[in-house]
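Visitor: Return a 3D structure for these sequence lines:
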Amino acid sequence: MDGNYKIFNDLSKIGSRSNKVLYVSLILTFVSTVLNIFYTYKTNESAKNNFYLLDNGQKLAAVRIKDYRRAVDILCEGHIVNFHELFFALEPDLRHIKRNIEGKALYMADHSVQRLYNRLIDQNYYEDIAKSGYSIEIEKDSIFVDYSEYPFPFRFFGKQRILKSGNAEYRNMITKGYLVETSSTPNNLNGLKIIKFDVLHNQDL
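Guide: Numbers count the residues shown, from 1 in each chain. Just a heads-up that it's a prediction; the model follows:
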């Protein structure tokens with residue numbers, strides 16, 4: 001009788017230990033799952049707050065910006081400025097002009113910019129610049145983007161600085177258009193596109 005009781009007692013201890021192991025395993029699995037979910041969430045949030053600084057369409061570095069609205073401002077204004085520099089800042093070199101406009105700027109905008117580019121080609125605008133030997137730089141004064149509606153309407157206020165034989169002449173420049181979100185590509189890293197673009201003013205100062 002005592003032998004049977006001993007065997008039953010041993011089995012009870014084994015069963016109790018097995019239950020403890022099971023409970024510990026379940027707790028560890030639960031804690032591990034929670035930690036994985038938390039880590040994944042934090043990683044995603046961190047990635048959302050990473051935005052790239054761009055220079056001439058090239059990624060320079062990722063920076064953390066916690067204020068989403070500020071990040072959108074930087075991204076949109078950067079896209080607008082970068083486009084204007086690529087399209088309107090010109091050197092007396094047709095290859096350089098073509099590389100900047102056809103290889104970069106046209107990917108950042110829709111057919112409205114393509115039509116403007118074709119019109120300037122028909123007017124021999126770029127050939128005249130190449131023959132003249134002067135260069136044009138873009139100076140930004142301000143940018144206004146209205147985020148209360150979508151696509152985002154914008155206006156660019158700035159000047160073209162024309163360098164001729166060491167002398168500088170200025171033309172005012174006011175443009176307008178809309179910004180829409182699009183997929184990011186190697187030719188358009190920002191994931192934005194300018195549509196319905198138009199030059200409102202471009203006159204000598």
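
Visitor: Can you show me the helices along this structure?
Guide: 2-48, 68-88, 94-103, 111-122, 125-132 (DSSP state H).

Visitor: And the shortest one, what does it pack against?
Guide: Read it as helix 125-132. Packed against helix 125-132 by the contact rule (3 or more CB pairs under 8 Å, 6 or more residues apart in numbering; DSSP states H and E) you find helix 94-103. Every residue, glycine included, has its C-beta placed from N, CA and C.

Visitor: then the helix it packs on to CSV, C-alphas only?
Guide: Provided in CSV are the C-alpha atoms of helix 94-103 (Å, rounded to 0.1, in the frame of the first residue of the first chain):
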residue,chain,number,x,y,z
LEU,A,94,23.7,72.4,-73.5
ARG,A,95,24.7,69.0,-72.1
HIS,A,96,24.6,70.3,-68.5
ILE,A,97,21.2,71.9,-69.2
LYS,A,98,19.8,68.7,-70.8
ARG,A,99,21.2,66.5,-68.0
ASN,A,100,19.5,68.6,-65.2
ILE,A,101,16.2,69.1,-67.0
GLU,A,102,15.6,65.9,-68.9
GLY,A,103,17.5,63.6,-66.5
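
Visitor: Next, the buried residues of that helix.
Guide: If you call a residue buried by 16 or more other CB atoms under 10 Å, then helix 94-103 has these buried ones: 97, 100-101.

Visitor: tell me the average confidence for that helix?
Guide: Summarised as a single mean, pLDDT over helix 94-103 is 93.

Visitor: What is it packed up against?
Guide: helix 68-88, helix 125-132.

Visitor: ranking those by burial, who's on top?
Guide: Highest mean neighbour count among the helices and strands packed on helix 94-103 (mean count of other CB atoms under 10 Å): helix 68-88, with a mean of 18.

Visitor: could you give the angle of that one to helix 111-122?
Guide: Interaxial angle, helix 68-88 versus helix 111-122 (axes from the mean of the first three to the mean of the last three CA atoms, to 10 degrees): 20 degrees.

Visitor: got any ranges where the protein has weak pLDDT?
Guide: Along the chain, the model assigns pLDDT under 70 to residues 1-25, 34-36, 38-70, 205.

Visitor: Now do the domain split for it, please.
Guide: Using automatic domain parsing, the domain ranges for the chain come out as 1-48, 69-201.

Visitor: most tightly surrounded among the ones you listed?
Guide: Highest mean neighbour count among the domains of the chain (mean count of other CB under 10 Å): domain 69-201, with a mean of 16.

Visitor: hmm, back to that, can you lay out the buried residues of helix 94-103 as JSON lines showing distance to Asp73?
Guide: Formatted as JSON lines, these follow (distance: CB to CB, whole Å):
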{"residue": "Ile97", "distance to Asp73": "30"}
{"residue": "Asn100", "distance to Asp73": "25"}
{"residue": "Ile101", "distance to Asp73": "26"}
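
Visitor: Go through these and say which is closest to Ile136.
Guide: Ile97 (10.1 Å; CB to CB).

Visitor: Surely that closest one touches Leu90?
Guide: Yes: with contact defined as CB atoms under 8 Å, Ile97 reaches Leu90; the gap is 5.6 Å.
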